[in-house]
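J.: Let me see the structure of the following:
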Amino acid sequence: MASASKIEWTESTWNPVTGCSKCSPGCAHCYAERLAVRLRAMGNPSYVNGFKVTLHPRLLSLPSSWKAPRRIFVNSMSDLFHEEVPVHFIRSVFREMENTPRHTYQVLTKRARRLAEVAPLLPWPRNVWIGVSVEDGASLERLDYLRKVSAAVRFVSCEPLIGPVGRLNLEGIHWVIVGGESGPGARPMCPEWAREIRMACEQQRVPFFFKQWGGPQRCRNGNVLDGRVWQEYPLTGPVQGAISTSP
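T.: Numbers count the residues shown, from 1 in each chain. Below is the predicted model:
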């Protein structure tokens, strides 16, 4: 359903859709798939279908019951723009986000092409941030689709960062997140890959958020990059702020 989140760049999660399917190398060790299997075994009613794409209309109005403003990651356990999620349901999700302007919603997808196709059919209130995942240089084309979307905040999540992204053009992009892969079989992240992205953000004046180094036990490796904790946010929306802290 929804809960306080341990994901460092958000506060809560809301999953009106659960389940997904792999579409790129970044999906190889999907944390959501592992978690869905565990939740199904525990009898969670939202995961009776395991990791098969499943719509949950009963959860559409849940954010309306949250009175205090919060930053909400939409579909941490799925992809709202998955091919099996019908447009009418996507529009229902956006209608709820539009009707609760006190919250800030963070929507992240790997299916950038479908995002660009569906975007003209959706409202884009200022409290909806839209992002794409870019795990290496081979997935940079997702940024071109993202730039076509008329959202107040467009962001990039380079997580899991499994290879160098190369020359990073951040025109029209308002925020970048970087993180290494975690959990069983985690692929290592080269420090230079993260530094190159941070430098691109500094040069192009885009807020940079370094989430984690990752690894089988991610907490052991921390989130300090070159002696500093980087936790910057775009300055927009009802839940906002730009911070960069040091250990």
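J.: Every contact and neighbour count from this point should use C-alpha atoms.
T.: Fine.
J.: Give me the neighbour count for the nearest residue to L170 once chain neighbours are set aside.
T.: In space, and not counting its chain neighbours, L170 is closest to Q204: 6.9 Å by CA to CA, 6 or more residues apart in numbering. The tally of other residues near Q204 (other CA atoms under 10 Å) stands at 15.
J.: and if you look at V156?
T.: 24.
J.: can you tell me how far the residue of the chain positioned farthest from its centre sits from A138?
T.: Distance from the C-alpha centroid of the chain peaks at G43, with 26.3 Å (CA atoms, centre = their mean). According to CA to CA, to the nearest Å, G43 and A138 sit 39 Å apart.
J.: before we move on, back to that, need the per-residue pLDDT for the residue farthest from the centre of the chain.
T.: At G43, the pLDDT value in this model is 96.
J.: Now name the helix or strand holding it.
T.: Taking DSSP states H and E as the definition, one finds G43 inside no helix or strand.
J.: Phi, psi for it please.
T.: Here is the backbone geometry of G43 (degrees, to the nearest 10): phi 90, psi 20.
J.: Let me see the ranges of the helices in this structure.
T.: 31-41, 87-99, 112-118, 141-146, 191-204, 218-221 (DSSP state H).
J.: out of these, nearest to R70?
T.: Among those, the nearest to R70 by CA to CA is helix 87-99 (12.1 Å).
J.: Distance check, the residue nearest to the spatial centre of the chain against V206.
T.: For the chain, the residue nearest the mean C-alpha position is L108 (3.8 Å; CA atoms, centre = their mean). Using CA to CA, we find L108 at a distance of 18 Å from V206.
J.: Over to F81?
T.: Relative to V206, F81 is positioned 25 Å away (CA to CA).
J.: Next: M199.
T.: M199 is 10 Å from V206, by CA to CA.
J.: higher neighbour count, these two?
T.: V206 (22 against 14).
J.: Phi and psi next, for the more buried one.
T.: Backbone torsions for V206, taken as degrees, to the nearest 10, come to phi -120, psi 130.
J.: check contacts around it.
T.: 170, 173-176 (CA atoms under 8 Å, 6 or more residues apart in numbering).
J.: before we move on, the earlier item: can you give me the neighbour number for the closest residue in space to the residue nearest to the centre of the chain that isn't next to it in sequence?
T.: Using CA to CA, 6+ apart and skipping residues adjacent in sequence, the residue nearest L108 is G131, 4.6 Å away. Around G131 there are 29 other residues, counting by other CA under 10 Å.
J.: Number the residues from 642 up from this point.
T.: Taking 642 as the first residue, the last one we looked at is G772.
J.: Could you give the bridge partners of G772?
T.: For G772, the beta-bridge partners under DSSP bridges are L749, F796.
J.: Can you name the residues that contact it?
T.: When contacts are counted by CA under 8 Å, 6+ apart, G772 touches 747-750, 787, 795-798.
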